[in-house]
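> Show me the folded form of this:
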Amino acid sequence: RSHGEEYSVVFTGHSLGGAVATMCGLHASTDPDFTKSGPVKVFSYGSPYVGGVCFARAFRHQELNGKLLHARVTIRQDTVPRLPAEI
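Purely as a prediction, here's the structure:
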């Protein structure tokens, strides 16, 4: 699209792709060019947990400030969304 034209940004992925979509969504949500027409949207399906405490705080901050929306879809029988397991 042309520079200055409004657009929305959506990231989506399954399993590892969902984890990548989550990381890319956070990164994009910090750029005003990607959020001027609304929040960055992330849809993750069966993805493992991403990042640590600092990542979670930054992600939540972006959500609370209306820069990021995230829908995480899981099913109980799938073990991947519970990874990494605590040791």
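> Contacts only, for residue 75.
By Cβ atoms under 8 Å, 6 or more residues apart in numbering, residue 75 lies in contact with residue 46. From N, CA and C alone the C-beta is placed, and that goes for glycine too.
> Please repeat the previous calculation with a cut-off of 10 Å.
By Cβ atoms under 10 Å, 6 or more residues apart in numbering, the residues touching residue 75 are 45, 46, 81.
> Quick one: residues contacting the residue nearest the centre of the chain.
By Cα atoms, centre = their mean, the chain has its centre lying nearest to residue 22, at 2.9 Å. Residue 22 sits next to 11, 13, 42-44, 47-51, 55, 59, 68, 70, 72 when contact means Cβ under 10 Å, 6+ apart.
> Equivalent analysis for residue 50, please.
18-23, 25-26, 44, 56, 59, 72, 84.
> measure the residue nearest to the centre of the chain to residue 82 for me?
Computed as Cβ to Cβ, to the nearest Å, the residue 22 to residue 82 distance reads 15 Å.
> do residue 36 as well
With the distance defined as Cβ to Cβ, residue 36 ends up 36 Å from residue 82.
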